[in-house]
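>>> here you go, sequence then predicted model.
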Amino acid sequence: MANKGPSYGMSREVQSKIEKKYDEELEERLVEWIVVQCGPDVGRPDRGRLGFQVWLKNGVILSKLVNSLYPDGSKPVKVPENPPSMVFKQMEQVAQFLKAAEDYGVTKTDMFQTVDLFEGKDMAAVQRTLMALGSLAVTKNDGHYRGDPNWFMKKAQEHKREFTESQLQEGKHVIGLQMGSNRGASQAGMTGYGRPRQIIS
């Protein structure tokens, strides 16, 4: 990965807007959850966007996090004994986390791109993915989530309704108010729209 120099002009404006979306309070909550979910051996990052990025960059902690949401024997991501030091191996580890998170149920729109984390381009997107993962874990309530359930919003769940055949038949005879009414509607007095084109020679 080539080192990226400072950005100027429009690029700088765009980057600063992206950086403003990063939430330091949310960072604290996510760090707390990751430590509780994975155990204290994952350590803690330095405070701030850069510390959070460096902590997650090699993909090992993210892999441990997603693995902890699955039962023993069906862990989706292989976590190496020693953290990978080569850049492409680290990026591969992050990509494996993203695939496992998607399989868990995180939508594509909530996913960050590997470079967002690896180059620190959009750490707010990384937070968004982790929030979506936490919300899903709380919603599934399958016993694998550890931590305070109030840290994440519970996702809305399907509430299927069953109707009898007679109820369905009754519903066919009701005109919903949103359909409006055509009582009294008539075209009497209507004329063509606009005036004819004026051609002046």
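Alright, I've got the coordinates. This structure is a prediction, so every number in the text was calculated from the model and none was measured. Numbering: from 1, shown residues only.
>>> buried ones in whichever strand or helix holds residue 35?
Assigned by DSSP states H and E, residue 35 falls within helix 24-38. Within helix 24-38, the residues that count as buried by 16 or more other C-beta atoms under 10 Å are 27, 29, 30, 31, 33, 34, 35, 37, 38. The way it works is simple: take the backbone N, C-alpha and C, and place the C-beta from them, glycine included.
>>> which neighbouring elements make contact with it?
helix 49-56, helix 60-67, helix 123-140 (3 or more C-beta pairs under 8 Å, 6 or more residues apart in numbering; DSSP states H and E).
>>> could you dump those to a markdown table with mean neighbour count and mean pLDDT?
Shown next, in a markdown table, are the helices and strands packed on helix 24-38 (neighbours: other C-beta atoms under 10 Å; pLDDT from 0 to 100):
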| stretch | mean neighbour count | mean pLDDT |
| --- | --- | --- |
| helix 49-56 | 18 | 88 |
| helix 60-67 | 22 | 90 |
| helix 123-140 | 21 | 89 |
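>>> need the ones you listed in TSV with distance to residue 78, can you?
TSV is the format used below for these (distance: least, C-beta to C-beta, whole Å):
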stretch	distance to residue 78
helix 49-56	18
helix 60-67	8
helix 123-140	19
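>>> so which of those helices gets nearest residue 147?
helix 123-140 (8.1 Å; C-beta to C-beta).
>>> check contacts around residue 42.
Neighbour list for residue 42: 34, 35, 61, 64 [criterion: C-beta atoms under 8 Å, 6 or more residues apart in numbering].
>>> state the distance from residue 108 to residue 74.
23 Å (C-beta to C-beta, to the nearest Å).
>>> do the same with residue 140
14 Å.
>>> which element is the residue lying closest to residue 100 once chain neighbours are set aside on?
Nearest residue to residue 100, sequence neighbours excluded (C-beta to C-beta, 6 or more residues apart in numbering): residue 76, at 4.0 Å. Residue 76 belongs to no helix or strand when elements are defined using DSSP H and E.
>>> so residue 76 touches residue 70, yeah?
Yes. Residue 76 lies in contact with residue 70 (C-beta atoms under 8 Å); the separation is 6.2 Å.
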